[in-house]
Each structure stands twice: as C-alpha cells, then as structure tokens.
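> Sequence and predicted model, in that order:
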Amino acid sequence: MPRPRTASAGERGAVTAEYAALLPAVVLILVAVVLAGAASVQQVRNGDAAASAARLLARGDDVGEARRTVERMAGEEARLAHEEGDGWVTVTVSHPGPGPLGWIEPIALEAGAAAPLQHPNPGEAS
C-alpha cells in the first residue's frame, strides 16, 4: 500500500501564503462592488428627486419647497440647481459620491429633469 505524500519542508505554508497574497485583492473587489451599488442607488434617488422638483417648480410651487423635497428624497447633502426658459423648467440635482467616493471632490453624482411650465409668467397677461 502506497504511503500518503507529505509536504516537504519547502512547501509548508504555501497555501497560507497564497491566501494572504490574495485576500487584499478580494477585499478591494468587494469594496468596489459595494461602492458601485451605493452609487447606483444614490443616482436613482437623485433622478427621482430631480423629477419631483421639476414638477413642483413647473406648476409654480416655491423653490424652498422644491429644495426640501430634494433633500428629503436624495439626502441632506443633495443640492438643487434650476432654470426656467422657453416654457420649460430644468432641474439638476447633485450629491457627493457615497462613502469614500464622496471624500474626493470631483466625484459627484448628478441627475437632471425637465418639465413644461404650467403656470403663467407673472409678467404675462391672462
């Protein structure tokens, strides 16, 4: 009956060393996947907030109400920018990236929406 092969002195701990070398890469990939998921969720929240703010502003509601809606839907760090022209209101909602992505200044998530104005301009006659 053959004897089972035993590891030589040079092979002991080889598997442990391979796992130790591989572990940081696995952790980095997991962190990247989680951050990508969080960024995707935040982008959807930004889009929903932009659409709601565009509808509010298009029907003539107060800008403060639109800002509160954006902060409630996209988070307290979300910022609202809007402009009216040619019968439309255009809204952009921006928010810093989630987690460590938000620590880097240029990484911000933005979403926009537009809606036709539904209220008469104050200077126009009815």
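Thanks, I have it. Note that the structure is a prediction, hence the values are computed from the model and not measured.
> just the helices in the protein please.
14-58, 63-74 (DSSP state H).
> could you say what helices and strands the longest one packs with?
Right, helix 14-58. Packing contacts for helix 14-58, counted by 3 or more CB pairs under 8 Å, 6 or more residues apart in numbering; DSSP states H and E, involve helix 63-74, strand 79-85, strand 88-96, strand 108-116. Heads up, the C-betas are built off the backbone N, CA and C, glycines and all.
> would you turn these into JSON lines with mean neighbour count?
Putting the helices and strands packed on helix 14-58 into JSON lines (neighbours: other CB atoms under 10 Å) gives the following:
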{"stretch": "helix 63-74", "mean neighbour count": "17"}
{"stretch": "strand 79-85", "mean neighbour count": "14"}
{"stretch": "strand 88-96", "mean neighbour count": "21"}
{"stretch": "strand 108-116", "mean neighbour count": "17"}
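> Redo these as a markdown table? Include mean pLDDT and distance to R12.
Shown next, in a markdown table, are these (pLDDT from 0 to 100; distance: least, CB to CB, whole Å):
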| stretch | mean pLDDT | distance to R12 |
| --- | --- | --- |
| helix 63-74 | 96 | 55 |
| strand 79-85 | 94 | 58 |
| strand 88-96 | 95 | 49 |
| strand 108-116 | 94 | 50 |
